[in-house]
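S.K.: Test case, fold it:
(chains A and B)
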Amino acid sequence: MSASDLTNLLALGSIALFVIGLKRLSRVRTARSGNALMASGMLLAVAITLLEIGLVDYRWIVGGLLVGGAIGYAIVARAQATQMPEIVARFNGFGGAGSALVALSLFWAEVVETAGDGTAVETLGGTSATTLVLSVLIGSVTLSGSILAELKLRGTLGGSPDVPVRGAVMGLLAVGGLAAGFVAVFGIEDPAVASLLVVGLIVASLLAGVVLVLPIGGADMPVVISLLNSLSGLAAAATGFALDNQLLIIAGTIVGAAGLILTQIMCVAMNRSLLNVLIGGFTGGSTEHGEYEHVVSADAESAAMVLEASQSVIIVPGYGLAAARAQNAAYELAQALLNRDVQVRFAIHPVAGRMPGHMNVVLAEAEVPYELLFEMSEINQDFASTDVAIVVGANDVVNPAAHDDPASPIAGMPILDVEQARRVFVIKRSLSPGYAGIKNELFERDHTVMLFGDAKQVLDDLAAELTLARR
Amino acid sequence: MGPLLLNVYVFVLAAFLGFELINKVPPTLHTPLMSGANAMSGITVIGALTLVTVASVSTSVVLGVAALVLATVNVVGGFLVTDRMLSTFGGRR
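M.R.: As a prediction, this is how the structure comes out:
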């Protein structure tokens, strides 16, 4: 058995770890070990590659791995639970950029820096030259799209400005970029001209990523990130073709396929098609904002009195809960109610927060038991027999306009039917619109009471009132 | 079977594998799963490794080192952030 046979065999081990790890990651009980298996698969892949490279100068390799590892560790260590979705978006952009840069490095090494050997196709071969261009395109789109997605999630970049004739612009950028790229690798021998054309490809691809994500606003961002995740996998796969590296192709393609499936799952949760998300976006124009009229607000004391008299309560968390880091306060309120023999449940909308499962992550951090968490389909019919629904920092996912107003941007999206409950408390900082940028008529309902304030503060107050009243 | 066709086979079969692996995931795990898959896309790190094997400095090496750093951030940060999300689920159920 030759040395390359051995490394290829080991690569199979790495792939097995990825596959088994991913499988385990999709089950609650085994998820954490699945992630560890995938990480060890990655470690094995790096070890195999170092073995394949043989004895070389390790300065760049060691330096790059150490610097990258330290930055990655620092970003995660400094992040708060609410920032996780942004961080996934950022890492995703880095991965896409990494693939594009590998392809570019290959191009520079084999074509630009070894001038006089002819075009890229002659030195690299047709497959490698073609996929190199694709890797730069997809990787760059992923990079700029992910950066934009992160900015939108953070709220640094508000709104979703429309790009006129967006489809045509994107098509033009993609075709123009690809044309520049293919001419560079197939037709040009002069390295200076070829590299300029490749720079053109990069610029066009980065712009295409911006145009892709810019008009998509609000609640659709999770879908976009999932799609970009899929793209970064495909960029890695394209890089694998360019380098003739099967491990890269397999791992990248698995991510590409898995990302697509996840994207699909999210679209289903919102009752929309992917195409609809990408074309339409949420066009939350100023017309839908509207003014609020009959809004009733109350303080924690009177709200606590209602809670004292109730027998069943459902808490509906949204992004506001995560943003105010109110998960512990929410659990304390739940415990205070449970102590009074009130039935308490949490209703989790699949896209509450900024990502599917975001609320589960945040509530799990406060160690809220699973038995108290219910998915939308499990609990929606129970609102009608519930005394009080407490909406904490959620807006679009409880907006009855999804049922009532066919013209609403969120029409058809499944929502939690909180308005069926006898009383509805909405804990919110103000009447500002949610992520979709539209008015919520739930706030004007006769049986709705607004509890204005910071979610954590209000929940703390409610729990304190309840504990006080008990004594 | 030529090398290109072999790679196409590998690509198509891996795509099927990816599609089949990810079905019926509880919503709880959507975010961690996305994050873990995202870390896996940092596999491009092994491509970067093969391109920075010299001590000299040239455009290609600079591009390769940038790729290595970014991909490593993706891998290390990605698996860590996934583990952090999942650690909050730990011990129960």
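S.K.: Going by length in residues, pull out the top helix of the chain.
M.R.: Using chain A. Secondary structure of chain A per DSSP state H: the longest helix is helix A:126-154.
S.K.: Chain B, not that one
M.R.: Ranked by residue count and defined by DSSP H, the top helix of chain B is helix B:59-87.
S.K.: In the longest helix of chain A, which residues are buried?
M.R.: Buried positions in helix A:126-154, judged by neighbour count with 16 or more other C-beta atoms under 10 Å in any protein chain shown: A:127-150, A:152-153. C-betas here are computed from N, CA, C, even on glycine.
S.K.: re the thing from before, report whether the longest helix of chain B contacts chain A.
M.R.: Yes. Helix B:59-87 lies within reach of chain A by C-beta under 8 Å from any C-beta of the partner chain, at B:59-61, B:63-87.
S.K.: Please enumerate the helices of the stretch 151-300 of chain A.
M.R.: For the stretch 151-300 of chain A, the helices defined by DSSP state H, counting those that start in this stretch cover A:166-182, A:191-213, A:221-243, A:246-269, A:274-280, A:300-308.
S.K.: Nearest to chain B, out of these?
M.R.: Comparing these by their distance to chain B (C-beta to the nearest C-beta), the top pick is helix A:246-269, with 2.7 Å.
S.K.: ok, back up a step: do the longest helix of chain A and chain B come into contact?
M.R.: Yes. Contact of helix A:126-154 with chain B (C-beta under 8 Å from any C-beta) involves residue A:127.
S.K.: how distant is that helix from the center of its chain?
M.R.: Its chain's C-alpha centre lies 16 Å from the corresponding centre of helix A:126-154 when counted by C-alpha atoms, centre = their mean, to the nearest Å.
S.K.: and the direction of it versus that of helix A:221-243, what angle?
M.R.: Counting by axes from the mean of the first three to the mean of the last three C-alpha atoms, to 10 degrees, helix A:126-154 lies at 160 degrees to helix A:221-243.
S.K.: Okay, angle between helix A:126-154 and helix A:166-182 too, please.
M.R.: Using the same axes, to 10 degrees: helix A:126-154 against helix A:166-182 is 140 degrees.
S.K.: Could you list every helix and strand in contact with helix A:126-154?
M.R.: Here helix A:126-154 touches helix A:84-107, helix A:120-124, helix A:166-182, helix A:191-213, helix A:221-243, going by 3 or more C-beta pairs under 8 Å, 6 or more residues apart in numbering or on different chains; DSSP states H and E.
S.K.: Give the PyMOL command for selecting the buried subset of the residues of helix B:59-87 next to chain A.
M.R.: Those of the residues of helix B:59-87 next to chain A that count as buried under 16+ other C-beta under 10 Å are selected in PyMOL with:
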select buried, chain B and resi 60+61+63+64+65+66+67+68+69+70+71+72+73+74+75+76+77+78+79+80+81+82+83+84+85+86
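S.K.: Identify all contacting residues around the worst-scoring helix or strand of chain A on mean pLDDT.
M.R.: Least confident helix or strand, chain A: helix A:274-280 with a mean of 72, by mean pLDDT, DSSP states H and E. Under the contact criterion C-beta atoms under 8 Å, 6 or more residues apart in numbering or on different chains, helix A:274-280 has outside partners A:167, A:212, A:216, A:220, A:223, A:224, A:227, A:263, A:264, A:267, A:270.
S.K.: In contact with the nearest residue to residue A:79 once chain neighbours are set aside, which residues?
M.R.: Of all residues not flanking residue A:79 in the chain, residue A:87 sits nearest, at 5.3 Å (C-beta to C-beta, 6 or more residues apart in numbering or on different chains). Going by C-beta under 8 Å, 6+ apart, residue A:87 touches A:75, A:76, A:79, B:77, B:81.
S.K.: Return the closest of those residues with respect to residue B:26.
M.R.: residue B:81 (19.4 Å; C-beta to C-beta).
S.K.: what sits against residue B:69?
M.R.: Residue B:69 touches A:64, A:67, A:68, A:71, counting by C-beta under 8 Å, 6+ apart.
S.K.: Give me the angle between the helix or strand containing the first one and helix B:59-87.
M.R.: It refers to residue A:64. Using DSSP states H and E, the element containing residue A:64 is helix A:59-78. Orientation of helix A:59-78 against helix B:59-87 (the same axes, to 10 degrees) gives an angle of 30 degrees.
S.K.: Helix A:59-78 packs against which elements?
M.R.: When contacts are defined as 3+ C-beta pairs under 8 Å, 6+ apart, helix A:59-78 packs onto helix A:84-107, helix B:45-49, helix B:59-87.
S.K.: quick one: that helix to helix A:84-107, angle?
M.R.: Here the directions of helix A:59-78 and helix A:84-107 differ by 170 degrees (the same axes, to 10 degrees).
S.K.: So for helix A:59-78, what gets flagged as buried?
M.R.: Buried residues in helix A:59-78, counted by 16+ other C-beta under 10 Å: A:60, A:61, A:64, A:65, A:68, A:69, A:71, A:72, A:75, A:76.
S.K.: which residues touch that helix?
M.R.: Contacts of helix A:59-78 (C-beta under 8 Å, 6+ apart): A:46, A:50, A:87, A:90-91, B:45, B:48-49, B:52-55, B:61, B:64-65, B:68-78, B:80-81, B:84.
S.K.: please redo it, this time with the cut-off set to 7 Å
M.R.: By C-beta atoms under 7 Å, 6 or more residues apart in numbering or on different chains, the residues outside helix A:59-78 that reach it are A:87, B:49, B:52, B:55, B:61, B:65, B:68-73, B:76-77, B:80-81, B:84.
S.K.: ditto for stretch A:119-137
M.R.: Stretch A:119-137 has contacts (C-beta under 7 Å, 6+ apart) with A:99-100, A:103-104, A:106-107, A:110-111, A:117, A:177-178, A:181-182, A:185-189, A:201-202, A:205, A:235, A:238-239, A:241-242, B:4.
S.K.: List the contacts of residue B:17.
M.R.: By C-beta under 7 Å, 6+ apart, the contact list for residue B:17 reads A:19, A:254.
S.K.: Would you mark the buried spots in the host helix or strand of it?
M.R.: Per DSSP H and E, residue B:17 falls inside helix B:3-21. Within helix B:3-21, the residues scored as buried using 16+ other C-beta under 10 Å are B:7, B:10, B:11, B:14, B:15, B:17, B:18, B:19, B:21.
S.K.: Export these as TSV, with columns for pLDDT.
M.R.: Shown next, in TSV, are the buried residues of helix B:3-21 (pLDDT from 0 to 100):
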residue	pLDDT
B:7	91
B:10	92
B:11	94
B:14	93
B:15	93
B:17	91
B:18	90
B:19	89
B:21	86
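S.K.: quick one on the thing from earlier: can you say which of the contacts of helix A:274-280 are buried?
M.R.: Neighbour-count burial (16+ other C-beta under 10 Å) is assigned, among the contacts of helix A:274-280, to A:212, A:216, A:220, A:223, A:224, A:227, A:263, A:264, A:267, A:270.
S.K.: Among these, which one lies nearest to residue A:35?
M.R.: Among the buried ones among the contacts of helix A:274-280, and counting by C-beta to C-beta, the member closest to residue A:35 is residue A:263, at 20.5 Å.
S.K.: who touches the nearest residue to residue A:293 once chain neighbours are set aside in this structure?
M.R.: With sequence-adjacent residues excluded and distances taken as C-beta to C-beta, 6+ apart, residue A:293 is closest to residue A:444, at 6.3 Å. Going by C-beta under 7 Å, 6+ apart, residue A:444 touches A:292, A:293, A:294, A:295.
S.K.: Just checking, which of those residues comes out lowest on pLDDT?
M.R.: Lowest pLDDT within the contacts of residue A:444 is found at residue A:293 (75).
S.K.: Tell me the spacing between it and chain B.
M.R.: Relative to chain B, residue A:293 is positioned 36 Å away (criterion: C-beta to the nearest C-beta, to the nearest Å).
S.K.: With residue A:108 instead?
M.R.: Taken as C-beta to the nearest C-beta, the span from residue A:108 to chain B is 4 Å.
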